[in-house]
Every structure is written in structure tokens, then in C-alpha cells.
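> Curious how this folds, go ahead:
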Amino acid sequence: MEYRIKESGDGAVTVTFTGDITFSENVSFRQLLKDLAEQKIDRCVFDLSAVNMVDSAGLGMFLIAKEQADTAGWNLSVTGAQGHVASMLKLTKLSDLLQAG
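So this is what the prediction gives:
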């Protein structure tokens, strides 16, 4: 997993992920959350259009991100999920929780 953070200047941030989001990416994902916590944002979109696979640990990381967003008072949503990733988000109802777009 790799990610790129893009700020739009109006309190919005888009995080574009590439690769698989799995247990082995836990450290990188926590670094992303730390990077987001250090910014003053109102909303964040996780762009998953270039993610091919997410495992249960990856889904758990999304829940941790949602909890951080709720605690810090910013909105988190996901977009671009396709194939396996979209199925996993729908199956676990995370697509509803993360306001998938």
C-alpha cells in the first residue's frame, strides 16, 4: 500500500491509495492517521479506486480512521471502491458507515 495526501485548501483532503490494504500495512496506515491528525481538516475522502484487495485488518483500519474522524470532528468518506474492495465494504456495511461515494 502506498498513499498520497492531497489538500484542496478548503479544509478537504483526499488520500489516494494504491496497492493492497492488508495487515502488513498496519504501520503505514497508522502513520497516515498520525499525518491526518496533525492537519486541520473538515473532511477527508479515501480514494480506493487503485486498491485491488483489502483484508479484515484493512477493514479494521478503516474503522479506526472513522473513530479518529468522529473524535476529531471531521467527516470521513470513501470513494472509487471497485470489485473485491467494493464487495467487502458492502458486505460489512462499512460502505454505509463511511458514506461511500
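> In the chain, what residue spans correspond to strands?
Remark: strands assigned in the chain by DSSP state E are 2-7, 12-18, 43-50, 75-79.
> Who are the packing partners of the third one?
Judged by 3 or more CB pairs under 8 Å, 6 or more residues apart in numbering; DSSP states H and E, strand 43-50 is in contact with strand 12-18, helix 56-72, strand 75-79. Where C-beta positions appear, they are placed from N, C-alpha and C, glycine not excepted.
> give me that answer again for 6 Å
When contacts are defined as 3 or more CB pairs under 6 Å, 6 or more residues apart in numbering; DSSP states H and E, strand 43-50 packs onto strand 12-18, strand 75-79.
> hang on, the earlier thing: ok, which of the strands of the chain comes nearest Phe29?
strand 2-7 (8.3 Å; CB to CB).
> show me the contacts for the most centrally placed residue in the chain.
In the chain, the centroid-proximal residue (CA atoms, centre = their mean) is Phe46; its distance is 4.1 Å. Applying CB atoms under 6 Å, 6 or more residues apart in numbering to Phe46 gives the contacts 15, 78.
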